[in-house]
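Engineer: Quick one: sequence and predicted model below, then my questions.
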Amino acid sequence: RIMTRVAFARAAPFAPSARAMTRATTTPAHSRVAAVALSLALATSPLDADAVASVGQKPPPTISTPEGCTLRALDAFSDVRAKFSLEVSTGALPEAVLTLTGCDYSGKQLRGKILSGVVMDGTNFENADASETEMSRTSARNSNLRGVNFASANAYEARFDGSDLRGANFANALLSNASFGKGEDGRWANVEGAEFEGALLSSSDARKLCQNPTLDIEGQIAVGGC
């Protein structure tokens, strides 16, 4: 049976979502209390010494969750991955990383789920509803993401390299620093028929996406800068 795993890694700096910034500015006392609680929990947990990786390195899995490839598994450490977006960006706290490689969530209702820090390379999410999800720094390379609804998702620094994204909906999604490049086999992420209307990209992000030969005319118009 495929098992989901959780690891901890030092987080690289990233732009938090508007919701995260609102929470940070309106409830600083709560955030500090929660940060202390997390630090104590991690200090007393039986993690291996090499379970914390440096920035840019993938940490080894250290904790197996018994739920397997279920919707419940997606909620593992979701409070940490959501509420500590500002704290982990400084590198002062470890960031939870959830590994779902090989799982099948095709057609599932995932609206509003916390997918930040999830490693979902080689997964099947075809026709799933991932709208309004928090999926910053998510790795979704070489996956079947055909027809997935990513509308209004926060996909900051998400990696879609080599994935099948035909017909996916990125309308009004935050795609700053997101990657739609080549996978390990040299194939581009396939974005044919994908919707990018209203997606938030910088001019440099748009130029990179325009290099993808599968981006059709409608996509080029929506992205701009091609």
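Structural biologist: In hand now; what should we look at?
Engineer: Show me the helices in this protein, by range?
Structural biologist: Secondary structure of the chain (DSSP state H): helices located at 18-26, 28-44, 78-83, 85-89, 203-210, 217-223.
Engineer: For the last one, which outside residues touch it?
Structural biologist: Around helix 217-223, the neighbours that count as contacts under C-beta atoms under 8 Å, 6 or more residues apart in numbering are 191, 193-199, 201, 206, 209-210, 215, 226. Heads up, the C-betas are built off the backbone N, CA and C, glycines and all.
Engineer: Neighbour-wise, which one of those residues leads?
Structural biologist: Of all these, the highest neighbour tally under other C-beta atoms under 10 Å goes to residue 194, namely 31 neighbours.
Engineer: Including pLDDT and distance to residue 76, could the contacts of helix 217-223 go into TSV?
Structural biologist: TSV is the format used below for the contacts of helix 217-223 (pLDDT from 0 to 100; distance: C-beta to C-beta, whole Å):
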residue	pLDDT	distance to residue 76
191	98	30
193	97	33
194	97	29
195	97	30
196	97	31
197	95	33
198	95	31
199	96	28
201	93	30
206	94	34
209	96	31
210	95	37
215	96	34
226	84	39
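Engineer: Going by distance to residue 184, which of those residues wins?
Structural biologist: residue 191 (18.0 Å; C-beta to C-beta).
Engineer: The closest one reaches residue 213, doesn't it?
Structural biologist: No. Assessed by C-beta atoms under 8 Å, residue 191 is found out of contact with residue 213, at 9.8 Å.
Engineer: check contacts around residue 171.
Structural biologist: Residue 171 neighbours (C-beta under 8 Å, 6+ apart): 151, 152, 195, 196, 197, 198, 199.
Engineer: so how many other residues sit close to the second one?
Structural biologist: Burial of residue 152 is recorded as 18 neighbouring residues (other C-beta under 10 Å).
Engineer: For it, give me the pLDDT.
Structural biologist: Per-residue pLDDT puts residue 152 at 97.
Engineer: For residue 102, see how far away it is.
Structural biologist: Between residue 152 and residue 102 the computed distance is 28 Å (C-beta to C-beta, to the nearest Å).
Engineer: How about the fifth one?
Structural biologist: With the distance defined as C-beta to C-beta, residue 197 ends up 32 Å from residue 102.
Engineer: tell me which helix or strand of the chain sits lowest on mean pLDDT?
Structural biologist: Within the chain, no helix or strand scores below helix 18-26, which has a mean of 37 by mean pLDDT, DSSP states H and E.
Engineer: pretty sure residue 130 contacts residue 143?
Structural biologist: No. With contact defined as C-beta under 8 Å, residue 130 does not count as touching residue 143 (11.8 Å).
Engineer: show me the residues around the residue nearest to residue 121 when sequence neighbours are not counted that make contact.
Structural biologist: With sequence-adjacent residues excluded and distances taken as C-beta to C-beta, 6 or more residues apart in numbering, residue 121 is closest to residue 141, at 4.7 Å. If you count contacts by C-beta under 8 Å, 6+ apart, residue 141 has them with 121, 122, 159, 160, 161, 162, 163, 183, 184.
Engineer: again with residue 172
Structural biologist: Under the criterion of C-beta under 8 Å, 6+ apart, the neighbours of residue 172 are 151, 152, 197, 198, 199, 200.
Engineer: List phi and psi for the nearest residue to it once chain neighbours are set aside.
Structural biologist: Excluding the flanking residues, the one nearest residue 172 by C-beta to C-beta, 6+ apart is residue 198, at 4.2 Å. The phi/psi pair for residue 198 (degrees, to the nearest 10) reads phi 80, psi 0.
Engineer: Having no further points to raise, I will conclude here.
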